[in-house]
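Engineer: starting from these lines, generate the structure:
(chains A and B)
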Amino acid sequence: MTIRVRFAPSPTGFLHVGGLRTALYNYLFAKHHQGKLILRIEDTDRSRFVENATDNLINSLSWAGISFDEGPIQGGDFGPYLQSERLPLYKKFADVLIQKDEAYYAFDSEQEIEEMRNRLSAEKKDPKYDRMSMKNSLTINDNSVKEWINSGKPYVIRLKIPETGNVVFNDIIRGEVSVPCKDIDDQVLIKSDGFPTYHLANVVDDHLMQISHVIRGEEWLPSTPKHVLLYKAFEWDMPAFAHLPLLLNKDKTKLSKRQGSVAVEDFIEKGYLKDAFVNFIALLGWNPTSDREIYEIKELIELFNLEKVNKGGAVFDTQKLDWMNAQYLRKLPVGQLCEMLENELIKRNFPVKEKEYLEKVIKLFIERVNFINEIPEIADYMFRPPEEFDENLKIKEWKQDSPQIIKLYLETINNTSEFSHDTLYQITKQFCDENNLKLKNIAQLLRLMITGKSAGAGMFETMEVIGKKIVIERIENFLKNHS
RNA sequence: GGUCCCGUCGACUAGUGGUUAGGUCACCAGCCUUUCACGCUGGUAACACGGGUUCGAAUCCCGUCGGGAUCACCA
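Structural biologist: Numbers count the residues shown, from 1 in each chain, chains lettered A, B, ... in the order given. Predicted structure coming up:
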């Protein structure tokens, strides 16, 4: 059997990280089995249609490196891949169900349904569609039904759930799941606007597109029995089901916008590296062994299997993601890091520096950041004079006798022609010995005057990169203002 | 509330009857050191609870509790 899986988002906005993980697992599963990955857009809800949402979805997906074998853009033998373009199909299959007495027409108004629910609630019963007390093709005669339909008045088609028995199905991740039929509602299949509901459309399409495995979020688990019943009503073979654990907020509720960023776009914007992000997401709910954290996509494909997917939800905590981003950042070639840094500098209107200079800055700071965009923040002084000086550092290091010491020191370095880390280190060390000082004191004093900050890269390396002229300028300037 | 799913350190997880319950992030301490990081070493920290089954349970069964999802003419 050839493996065919699909990612089936509805285009209602941006790609959610949970959606990305679902797509990723589908992708890994497909690639692992040399199968096909299909993108199907579930746009059967006209009221929630969002312009450009599909493009956004595809952009985020392709940023993450998830490509599809079939879909609305690349096409395929099982199209169209937009549900809104498959409308006649659903109607046809709904009619099949009516013929087989597995579904029925219903003519109730919204208000009538609400009244029914209120009545049921008052009687302490489940507010399910109360088939026999309502207006539908089960309760009114055939002629009236025909008349209603021919008159063009709105109606829906509902699935006729068996009254007794259980729906039992197997989930690859959870094992056997069983639900009593009496707890399942007569699901609307075709809405009064003629569009199918998700339930009908997804079953029909999965069948027609020959989907072998339905891999989707756990939020679909409660409605899976309806889908199972649908397959049975059509007498179709069922795909295998795998319901993925949810991605959670810190408070363990389903990951949502209210508690922080959830759009993949936001994470791209924040500067996360694609490989780091994918690596991290992949390990949220699945682990090959747990003695390793960093995996290339190739390895993920090789190792992935649904059986090892966890059952419990996973809190989406970005702390480890940040660490992982740093790991990937440090593996990147310097040239690429330079380009990234350059973009960040331009974005901030920092003075433009040549590539060689940026390379040196990268080398100084790459071990100190999780994101490239942190460099302009923590190392602004590499690009322009410090605008302020750390007060605490000043109080701690700038003593009564500091001006004299620095003046003396200034003379020493003024006389050196070679302004490299090694020579600066030697000179400073010697200077300290001669003046009975500790290297530490001078270094921190220099840091204060040249960078204004208490933390940074090695001071002599920093001075080497900034260069003699500017270093001396900054020291003199500081002396002028602090004598 | 009904139904379904789930329950190992703060977080991500390994574990499938016998382990001092392991790893990673975070946190703490020490080392390194011109500061901050990196790195290295060490540390705090978990099997929700109660019954069984068994010579022996994190692992199997039942119950309790807790958490979540879902109950639309949304997906």
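Engineer: endpoints of stretch A:325-336, how far apart?
Structural biologist: For stretch A:325-336, the first-to-last residue distance is 15 Å (CA to CA, to the nearest Å).
Engineer: likewise for stretch A:184-202?
Structural biologist: The straight-line separation of the ends of stretch A:184-202 (CA to CA) is 18 Å.
Engineer: contacting residues around it?
Structural biologist: Stretch A:184-202 is contacted from outside by A:8, A:10, A:42, A:44-46, A:83-84, A:86-87, A:90-91, A:93-94, A:97, A:103, A:106, A:128-129, A:131, A:154-161, A:167, A:204, A:223, A:225-227, A:229-230, using CB atoms under 8 Å, 6 or more residues apart in numbering. C-beta here means a position set from N, CA and C on the backbone, and glycine is covered the same way.
Engineer: please apply the same query to stretch A:421-436.
Structural biologist: A:405, A:408-409, A:412-413, A:416, A:437-439, A:441-443, A:458, A:460-461, A:463-464.
Engineer: circling back: buried members of the contacts of stretch A:184-202 into PyMOL, please.
Structural biologist: Filtering these down to the buried ones (16 or more other CB atoms under 10 Å) takes a single PyMOL command:
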select buried, chain A and resi 8+10+42+44+45+83+84+86+90+91+93+94+97+103+106+129+131+155+156+157+158+159+160+161+167+204+225+226+227+229+230
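Engineer: out of the contacts of stretch A:184-202, who's near RNA strand B?
Structural biologist: Here is what survives when those are matched to RNA strand B using CB under 7 Å from any atom of the strand: A:Ala8, A:Ser10, A:Glu42, A:Thr44, A:Asp45, A:Lys128, A:Tyr129, A:Pro154, A:Val156, A:Ser223.
Engineer: which ones are touching the second one?
Structural biologist: A:Ser10 makes contact with A:Ile41, A:Glu42, A:Asp43, A:Thr44, A:Asp45, A:Arg48, A:Tyr198 under the criterion CB under 8 Å, 6+ apart.
Engineer: what is the nearest of the residues you listed to A:Arg21?
Structural biologist: For the contacts of A:Ser10, the minimum distance to A:Arg21 (CB to CB) is 17.8 Å, reached by A:Glu42.
Engineer: now the terminal residues of stretch A:209-225, how far apart.
Structural biologist: End-to-end distance for stretch A:209-225: 20 Å, by CA to CA.
Engineer: ok, now which ones touch A:Val214?
Structural biologist: Applying CB under 8 Å, 6+ apart, the residues near A:Val214 are A:Val5, A:Arg6, A:Asp206, A:Pro239, A:Ala240, A:Phe241, A:Ala242.
Engineer: would you mind giving these as JSON lines with pLDDT and secondary structure added?
Structural biologist: As requested, these are exported to JSON lines (pLDDT from 0 to 100; DSSP: H, G, I helix; E, B strand; the rest coil):
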{"residue": "A:Val5", "pLDDT": "98", "secondary structure": "strand"}
{"residue": "A:Arg6", "pLDDT": "98", "secondary structure": "strand"}
{"residue": "A:Asp206", "pLDDT": "98", "secondary structure": "helix"}
{"residue": "A:Pro239", "pLDDT": "97", "secondary structure": "coil"}
{"residue": "A:Ala240", "pLDDT": "97", "secondary structure": "strand"}
{"residue": "A:Phe241", "pLDDT": "97", "secondary structure": "strand"}
{"residue": "A:Ala242", "pLDDT": "97", "secondary structure": "strand"}
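Engineer: format those as CSV; extra columns: distance to RNA strand B and neighbour count.
Structural biologist: CSV is the format used below for the contacts of A:Val214 (distance: CB to the nearest atom of the strand, whole Å; neighbours: other CB atoms under 10 Å):
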residue, distance to RNA strand B, neighbour count
A:Val5, 16, 27
A:Arg6, 12, 28
A:Asp206, 12, 25
A:Pro239, 17, 21
A:Ala240, 16, 16
A:Phe241, 11, 21
A:Ala242, 12, 21
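Engineer: shaky segments in chain A?
Structural biologist: Scanning chain A with the threshold set as pLDDT under 70 gives A:483.
Engineer: okay, now the domains of it?
Structural biologist: With automatic domain parsing as the criterion, the domains of chain A are listed as A:1-70+A:245-331, A:88-190, A:332-380, A:391-482.
Engineer: just name the most buried of the ones you listed.
Structural biologist: Counting by mean count of other CB atoms under 10 Å, domain A:1-70+A:245-331 has the highest mean neighbour count of these, with a mean of 18.
Engineer: how far does that domain stretch from start to finish?
Structural biologist: OK, domain A:1-70+A:245-331 end separation, CA to CA: 40 Å.
Engineer: how about the helix or strand harbouring A:Leu200, which residues are buried there?
Structural biologist: Under the criterion of DSSP states H and E, A:Leu200 resides in helix A:198-208. Neighbour-count burial for helix A:198-208, with 16+ other CB under 10 Å as criterion, is recorded at A:Tyr198, A:His199, A:Leu200, A:Ala201, A:Asn202, A:Val203, A:Val204, A:Asp205, A:Asp206, A:His207.
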